[in-house]
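A.B. asks: Quick one, what's the 3D model for this:
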Amino acid sequence: MLTQEELNKIALKHYNNELEIIDPWDRELGHKQNCLRIYRYNNYAIKCIHLGLDENHIHLDTIKNGYNITKDLDHPGIIKSHGFFSNNTIAFTVYDYIGKTFKDMLDVLSNEQKNNIMDQIKDAIHYLWENEITHYDLTSRNVLLRSNLEPVIIDFQVAKKMKQPLQFENCIDMTNEKIHVQNCCGICWSVNFHILKEEVWKKA
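C.D. replies: Predicted coordinates:
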C-alpha cells in the first residue's frame, strides 16, 4: 500500500501534467473527455476522476467502491489496488499496471490460449465468491492480460459485497457449454461469466 506522501507525489505529477495518459475513458456512461482518465506512472495505473464538473461528483462513490472492494483481496487474477487519494479537484485510485485488455487480444489468441485464460478467470471468480463479492461488469475489456497471458480482472466500481455467503457450485455450472445462473441466497442473480464466454467465442 502506498503512503500518503507517495500519493501526494502522484497528485503533484498529475497537476504538473507529468503522467502518461493511457486511456481517456470517455466511452462509458457519457463521460466527458476530461472527466475520467487512466494514467500510467512507473508500474502503476492511476484511475483518476476530475471533480471540477459538478456532475462528476456522482462518480466519486464508484471510484471509492472499486478501491474498497479490492484493497484487501489477494489473488493473482484480481487487480491489486495500492491506494486512494482525493481532494477538492481530483480523486484517484492506484492499481498495478498490467497491459493490454483481453478484448484487444481476442483476434490473435489461439483457442487453446483462450481456454486457458477462461479457466484462470473462472478461478478468480470462484475466489470472489468465496469472499462474497460479485463483479457485475465482467467483459473482455475488464480483463487485462499479463505478458505471460495470465488474466487479471479489473474495474470493480459497480461490484458488490454480498450480505450472505454464496454457494458457488450451486449457482453456476461452468462445466457445460451454457452457464446456468440461479438465484443464489435470494440476492445473487448474475456473475456475467456467460456473457464473457459468449463474447470470447464469438471472436473465435
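A.B. asks: what's the next secondary structure element after the longest helix seen in the chain?
C.D. replies: In the chain, taking DSSP state H as the definition, the longest helix is helix 111-130. For helix 111-130, the following helix or strand on the C-terminal side (DSSP states H and E) is strand 133-134.
A.B. asks: Which other helices and strands does that next one contact?
C.D. replies: The contact analysis (3 or more C-beta pairs under 8 Å, 6 or more residues apart in numbering; DSSP states H and E) places strand 133-134 against strand 160-161. Backbone N, C-alpha and C define where each C-beta goes, glycine included.
A.B. asks: Could you check how far the strand it packs on is from the centre of its chain?
C.D. replies: Centroid separation for strand 160-161 versus its chain: 14 Å, with C-alpha atoms, centre = their mean, to the nearest Å.
A.B. asks: on contacts alone, who are the packing partners of it?
C.D. replies: Going by 3+ C-beta pairs under 8 Å, 6+ apart, strand 160-161 lies up against strand 133-134.
A.B. asks: Give the pairing partners of the strand it packs on; include direction for each.
C.D. replies: Note on strand 133-134: by DSSP bridges, its sheet partners are strand 160-161 (antiparallel).
A.B. asks: Format the CA atom coordinates belonging to the longest helix of the chain as PDB.
C.D. replies: Extracted C-alpha coordinates of helix 111-130, given in PDB (Å, rounded to 0.1, in the frame of the first residue of the first chain):
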ATOM      1  CA  ASN A 111      -8.400 -21.400 -28.900                       C
ATOM      2  CA  GLU A 112      -6.100 -23.200 -26.500                       C
ATOM      3  CA  GLN A 113      -4.900 -19.900 -25.100                       C
ATOM      4  CA  LYS A 114      -8.400 -18.600 -24.800                       C
ATOM      5  CA  ASN A 115      -9.500 -21.800 -22.900                       C
ATOM      6  CA  ASN A 116      -6.600 -21.400 -20.500                       C
ATOM      7  CA  ILE A 117      -7.400 -17.800 -19.900                       C
ATOM      8  CA  MET A 118     -11.000 -18.500 -19.200                       C
ATOM      9  CA  ASP A 119     -10.100 -21.300 -16.800                       C
ATOM     10  CA  GLN A 120      -8.000 -18.800 -14.800                       C
ATOM     11  CA  ILE A 121     -10.800 -16.200 -14.900                       C
ATOM     12  CA  LYS A 122     -13.100 -18.900 -13.500                       C
ATOM     13  CA  ASP A 123     -10.700 -19.500 -10.600                       C
ATOM     14  CA  ALA A 124     -10.600 -15.700  -9.900                       C
ATOM     15  CA  ILE A 125     -14.400 -15.600  -9.900                       C
ATOM     16  CA  HIS A 126     -14.500 -18.500  -7.500                       C
ATOM     17  CA  TYR A 127     -12.200 -16.600  -5.200                       C
ATOM     18  CA  LEU A 128     -14.500 -13.500  -5.400                       C
ATOM     19  CA  TRP A 129     -17.500 -15.700  -4.500                       C
ATOM     20  CA  GLU A 130     -15.600 -17.100  -1.500                       C
END
